[in-house]
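K.L.:
Coordinates for the following, if possible.
(2 chains)
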Amino acid sequence: MNIKNFAVSIFRIAQHFVNRFIISKSTPITYQISIIFSLVFFATICIACSSEDRMFKEDSLEKDRLSGIKVDGVVQRPDFILQDTKGNSFDFQQKTSGKVTLLYFGYTNCPDICPVHFSNIAAALDQSPYEVRNGVEVVFVSVDPKRDSPQKIREWLDFFDTDFIGLTGTYSDLEIAQNAAGTPAAFVSEVYENGYSIAHAAWIFLYTQDDLLYLKYPTGTRQSEWAHDLEALVLQN
Amino acid sequence: MEVSWWCSARPVSWSWDPQFFPGIWIVMLCIIGSYIFVYIKSSKKNSSLDREIATNKEKLSFISGWLLLWIMTDWPIGVLGSGYLLSAHMLQYVIYSLVVAPLLVGGISKPMISYYKDLWIFIPIRFLISRPFICFVVFNIVLAITHIPYFTDILKPLQLGQMLIDVLWISAAMLFWSAIGSFDDQSDVSLARAQKLLYIIGITLLPTIPGAFFVFSDFPLYTTYEFATRVFNGLSAREDQMYAGLIMWMGMTPILLIRLAMAFFSWSESESRRAGTID
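P.N.:
As a prediction, the model looks like this:
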C-alpha cells in the first residue's frame, strides 16, 4: 500500500466517523448551536485555567507563598550613604528604616533587565491598595555614574513611578554600597563603538520592617507575584 | 544585519534596524509561485474557454491578500507581534483572519481549481469546505488554542512555533472563508445569504471572549509580552494587553459592518432587478 492509498483510507474512516457521530449536512441547527456553546465554554475555561491566579488579584495573601527566594541567616539592612536625584546625601539605612524596601543596583542604559524589573514593580504597585503603595520604598542605585547624572536617573525613574528613589555616587562610594548589600561590584563588560554595557547583579533585595534582608527576587518575577508579595508583607507586617 | 528563518520572541531589546527572514520570503514566493503555476496550467487546459481563467478582480484580490499577508508576517509587524507587543499580535490575527484570508480565497477562481479538485490531497479539504459548521468550529478551536497563555508562551520563543501559529491562523481562516463561499452554490439565494451572515456574525462575536480577558485582567497574561523590553516608553505590558483586547473587540466590527453592507446592497440589487423583470 503506498502513502496515497493509506492517506485516502484514513480520510475515508475519518469522514465516516464525522458523518456518523459528529456532524453531517443534515445535522439539526439546535445540535450545531449546542456545539458552539460547548466550544465557547471550553475556550473560556482553557484561558481562565491556564492563566491560573495571574489574572486577578488573589483574595488570600499568604506569607508562605511568597515568590522571592528566602535569605538564609540574618543580614541587616545595609548602611551606606549616596547622593539622591536632588543632589542631597541619602543615608539608606536611616531613611528607609522600618519600611518594606526594594533595593536594586543597575543603570539607565540597561537594554533589558533594569527597565523590565522597574516596569513590572511600578505596574504591580499601581494595582495595589494605597496602604501598600505608601508602605513600600523602591530604591534604584545607578552603578554607571559616568553616564547617569542625577537628572537622567530622575527622568528614567519618572517613566515608571515618580515616587521611586534614585541614588548615585562616585565609583568608590558605589563599591562600598554594593559590598554593604552583599553583592559583587558592577563592572564594564563590553565596549561598543558608541557605548558600553555593564555587568551587574540582577537581583532585587527586599528588606522588611524589622530592617533585615528577607527575600531576593531574580529576573523573571511576574507583576502578579510582586503584587501578591508586597501586599502580604506590608499588610501582614 | 540579523538573519533568522522566522520571527520569534527573543530576549533582546527592540530595535528599528531591519531584520531579514528568509523563511518568510521562501513561503511567500511559494504562495505566489503556486498561484501563477496553477493559472498558467489552467489557461492552457482551458484555451477553448471564451473567458479568462481568473478575472482582473480575482487576480487583484489574490495579489492584495498576498501582499498584506507578507506585510503582516515580516519585519516589523511580525517581529513586534511575535515577542514585543500583544496588540501587534492581535492586529496580525484580525488582519489574517478577516482580511487576508477572504482576499486570497476570493482570488482563486472556479476554473482554476476545477482541474485540481479531484487530486487526492484536496479530497479532505473539499469535504471540510462542504461543511461550514466544521470549518467554523476549526476556526474557533485555532483561535482558542493559539491564545491559551501556556501554549503561546511555549511556541512564541521558537521560530518553528511562531511559524506554526501563523500557518494555523491563515489555514483555519482560509478554510472558513472557502466554506462561506460554498453557500453560493445553493439554489436558495436568500437562505445562502442569511447563513453566510450568521456565520460571519459568529466569528465576529466569539473573539470578544478572549478580548474580555485581555481588557479586564489586572496583570499581563503572557510572560512573552510581560518580560519583553518596551517598544514605546510609557506603554506598559498591561496597557498593551488592554489595547490588544480592544483590537479584538473593535477590529472585528468594521469587517462585520462592511460584510453586512455588501449583503444588503446585493440583496437590494437583486430585489430591484426582480421588480424590473416583473414590470
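K.L.:
so where's chain A shaky on pLDDT?
P.N.:
Residues of chain A meeting the criterion pLDDT under 70: A:1-4, A:11, A:13-64, A:237.
K.L.:
Let me see the ranges of the strands in it.
P.N.:
Ranges of strands in chain A, per DSSP state E, are A:69-70, A:81-84, A:89-91, A:100-106, A:136-142, A:165-168, A:187-192, A:195-199, A:204-207, A:213-217.
K.L.:
got the domain boundaries for chain A?
P.N.:
Per automatic domain parsing, the domain ranges recorded for chain A read A:3-50, A:63-235.
K.L.:
Just say which of these is most tucked in.
P.N.:
When the domains of chain A are scored by mean count of other C-beta atoms under 10 Å in any protein chain shown, the highest mean neighbour count falls to domain A:63-235 (a mean of 18). In this view, the C-beta of every residue, glycine as well, is placed from N, C-alpha and C.
K.L.:
Is that domain positioned near chain B?
P.N.:
Yes. Domain A:63-235 lies within reach of chain B by C-beta under 8 Å from any C-beta of the partner chain, at A:111-112, A:115-116, A:119-120, A:122-124, A:127, A:159, A:219-220, A:222-224, A:227.
K.L.:
Now, those that are in helices?
P.N.:
A:115, A:116, A:119, A:120, A:122, A:123, A:124, A:127, A:223, A:224, A:227 (DSSP state H).
K.L.:
I'd like to know which of the residues you listed is nearest to residue A:6.
P.N.:
Ranked by distance to residue A:6 (C-beta to C-beta), those are led by residue A:224 at 48.8 Å.
K.L.:
Can you name the residues bridging to residue A:199?
P.N.:
Beta-bridge partners for residue A:199, by DSSP bridges, are residue A:187.
K.L.:
Quick one: end-to-end length of stretch B:16-30, please.
P.N.:
28 Å (C-alpha to C-alpha, to the nearest Å).
K.L.:
Please see if that stretch touches chain A.
P.N.:
No. Stretch B:16-30 does not reach chain A (C-beta under 8 Å from any C-beta); its nearest approach is 13.3 Å.
K.L.:
what about that stretch, distance to the chain center?
P.N.:
In terms of C-alpha atoms, centre = their mean, to the nearest Å, the centre of stretch B:16-30 is set 19 Å apart from its chain centre.
K.L.:
From chain A, how far off is residue B:221?
P.N.:
When distance is defined by C-beta to the nearest C-beta, to the nearest Å, residue B:221 is 5 Å away from chain A.
K.L.:
What of residue B:153?
P.N.:
For residue B:153 relative to chain A (C-beta to the nearest C-beta), the value is 9 Å.
K.L.:
Next secondary structure element downstream of the strand or helix carrying that residue?
P.N.:
For residue B:153, the host element (DSSP states H and E) is helix B:149-155. Using DSSP H and E, the helix or strand that follows helix B:149-155 towards the C-terminus is helix B:159-181.
K.L.:
From the contact counts, what lies against that next one?
P.N.:
Contacts defined by 3 or more C-beta pairs under 8 Å, 6 or more residues apart in numbering or on different chains; DSSP states H and E place helix B:159-181 against helix B:86-95, helix B:101-107, helix B:123-129, helix B:132-145, helix B:149-155, helix B:189-205.
K.L.:
6 Å instead, please
P.N.:
Judged by 3 or more C-beta pairs under 6 Å, 6 or more residues apart in numbering or on different chains; DSSP states H and E, the packing partners of helix B:159-181 are helix B:101-107, helix B:123-129, helix B:132-145.
K.L.:
Could you list the buried residues of the following helix or strand past the first one?
P.N.:
The reference is to helix B:101-107. For helix B:101-107, the following helix or strand on the C-terminal side (DSSP H and E) is helix B:110-114. Along helix B:110-114, these residues count as buried under the neighbour rule (16 or more other C-beta atoms under 10 Å in any protein chain shown): B:111, B:112.
K.L.:
Quick one: mean pLDDT over helix B:110-114.
P.N.:
Averaging pLDDT along helix B:110-114 gives 85.
K.L.:
pull the CA atoms of that helix into PDB?
P.N.:
Output of helix B:110-114 as PDB, limited to C-alpha atoms (Å, rounded to 0.1, in the frame of the first residue of the first chain):
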ATOM      1  CA  LYS B 110     -13.600  28.200 -10.000                       C
ATOM      2  CA  PRO B 111     -11.900  27.300 -13.400                       C
ATOM      3  CA  MET B 112      -8.500  27.500 -11.600                       C
ATOM      4  CA  ILE B 113      -9.400  24.800  -9.100                       C
ATOM      5  CA  SER B 114     -11.600  22.700 -11.400                       C
END
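K.L.:
That helix: how far from the chain's middle?
P.N.:
Distance, centroid of helix B:110-114 to centroid of chain: 22 Å (C-alpha atoms, centre = their mean).
K.L.:
re earlier: can you redo the strands of chain A as a markdown table with distance to residue B:83?
P.N.:
As requested, those are exported to a markdown table (distance: least, C-beta to C-beta, whole Å):
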| stretch | distance to residue B:83 |
| --- | --- |
| strand A:69-70 | 27 |
| strand A:81-84 | 36 |
| strand A:89-91 | 38 |
| strand A:100-106 | 22 |
| strand A:136-142 | 26 |
| strand A:165-168 | 29 |
| strand A:187-192 | 23 |
| strand A:195-199 | 21 |
| strand A:204-207 | 24 |
| strand A:213-217 | 23 |
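K.L.:
Of all the ones you listed, which one comes closest to residue B:230?
P.N.:
Of these, nearest to residue B:230 by C-beta to C-beta is strand A:100-106, at 15.2 Å.
K.L.:
name the helices or strands packed onto the closest one?
P.N.:
Using 3+ C-beta pairs under 6 Å, 6+ apart as the test, strand A:100-106 ends up in contact with strand A:136-142, strand A:204-207.
K.L.:
now the longest one, how far from the centre of its chain.
P.N.:
Offset of strand A:136-142 from its chain centre (C-alpha atoms, centre = their mean): 15 Å.
K.L.:
Does anything pack onto that strand? Which helices or strands?
P.N.:
With contacts defined as 3+ C-beta pairs under 6 Å, 6+ apart, strand A:136-142 has these neighbours: strand A:100-106, strand A:165-168.
K.L.:
just the shortest one next, same as before
P.N.:
For strand A:204-207, the elements it packs on are strand A:100-106, strand A:213-217, judged by 3+ C-beta pairs under 6 Å, 6+ apart.
K.L.:
how big is the angle separating the first one from strand A:213-217?
P.N.:
Our comparison of strand A:100-106 with strand A:213-217, counting by axes from the mean of the first three to the mean of the last three C-alpha atoms, to 10 degrees, yields an angle of 50 degrees.
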